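In: Okay, sequence plus prediction incoming.
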Amino acid sequence: MSGEVVKINLFSDTSGVAVTKVRGKIPRFLVSIAGYPFSSMMAFVIFLLIKNEYYMLSLIILLSFATISLIFFVRNFYGIFWLISFIAIGLAVVEFKSMQIIYSWMVFLASLLLSDAFVSGLVLLKISIKNPAGAGDAANLKKETYIPAWFWAIVFCAINGYLAYLTVTMTFPPIQHLI
């Protein structure tokens with residue numbers, strides 16, 4: 001989008017703020033609409049990799065995102081501490097040289113990513129109703145489209161819900177008959 005990420009702050013309540021610079025209505029729209037669905041899509045991809053037994057690749061992807069974020073974007077103390085801890089734990093898991101441990105760690109992380117993506121959409125919906133101007137990406141989308149922030153929050157919830165549904169049905173296929 002020919003823009004830049006100015007900084008990312010991560011907070012202990014699992015929320016965060018990404019400050020970006022982008023010129024143009026369409027690039028601002030695309031940047032604002034990408035974040036919430038991206039986290040759900042990442043959870044889906046990680047579960048897909050796990051299902052296909054690419055445990056190490058899924059771990060490398062998450063550790064790469066964490067390392068790039070640490071080096072280039074995250075600037076607050078809690079975010080730096082969290083990322084260093086996450087990377088250290090990930091490297092320790094690799095050091096065990098046990099696919100069962102890597103598998104378990106990745107299922108835990110993917111589950112955390114999926115549930116947080118889903119819940120964050122619901123939190124955004126609540127914020128967009130109570131304080132539309134403070135609704136982050138939904139508020140940015142309102143400025144670009146003149147469509148209410150709560151509408152965009154519902155769109156995010158629908159996308160996240162659908163991706164969560166796809167992830168769960170892919171990961172846990174239905175049991176045909178128990179008898």
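Out: Sure thing, it's come through. Keep in mind that what you see is a predicted model, and the values were worked out from it rather than measured.
In: helices or strands up against the strand or helix carrying residue 63?
Out: Per DSSP states H and E: residue 63 is located in helix 55-72. Helix 55-72 makes packing contacts with helix 25-51, helix 77-95, helix 99-130 when contacts are defined by 3 or more C-beta pairs under 8 Å, 6 or more residues apart in numbering; DSSP states H and E. Every residue, glycine included, has its C-beta placed from N, CA and C.
In: And the spatially most central residue of the chain, what's its pLDDT?
Out: Nearest to the centroid of the C-alpha atoms of the chain, with distances taken as C-alpha atoms, centre = their mean, sits residue 39, at 2.6 Å. The pLDDT attached to residue 39 in the predicted structure is 91.
In: which one is it nearest to, not counting chain neighbours?
Out: The shortest distance from residue 39 to any residue other than its chain neighbours is 4.0 Å, reached at residue 117 (C-beta to C-beta, 6 or more residues apart in numbering).
In: what's the distance between that neighbour and residue 133?
Out: The gap separating residue 117 from residue 133 is 24 Å, by C-beta to C-beta, to the nearest Å.
In: Residue 83 now?
Out: From residue 83 across to residue 133, the span is 30 Å (C-beta to C-beta).
In: neighbour-wise, which of those two wins?
Out: For residue 83 and residue 133, the more surrounded residue by other C-beta atoms under 10 Å is residue 83, and the numbers stand at 21 against 10.
In: what number of residues lie near residue 161?
Out: One way to gauge burial is a neighbour count; for residue 161, by other C-beta under 10 Å, it gives 14.
In: cool, residue 18 as well?
Out: 16.
In: Just give the closest residue to it, not the sequence neighbours.
Out: On the basis of C-beta to C-beta, 6+ apart, the spatially nearest residue to residue 18 that is not a chain neighbour turns out to be residue 8, at 4.9 Å.
In: What are the contacting residues of the helix or strand that contains the one you found?
Out: For residue 8, the host element (DSSP H and E) is strand 4-10. Contact with strand 4-10 is made by 16-21, 69, 72-76, 78-79, 82-83, as judged by C-beta atoms under 8 Å, 6 or more residues apart in numbering.
In: can we see that at 10 Å?
Out: Contact partners of strand 4-10, identified using C-beta atoms under 10 Å, 6 or more residues apart in numbering, comprise 15-22, 31, 69-70, 72-83.
In: what mean pLDDT would you report for that strand?
Out: For strand 4-10, the per-residue pLDDT averages 77.
In: same thing with stretch 118-134?
Out: On average, stretch 118-134 scores 93.
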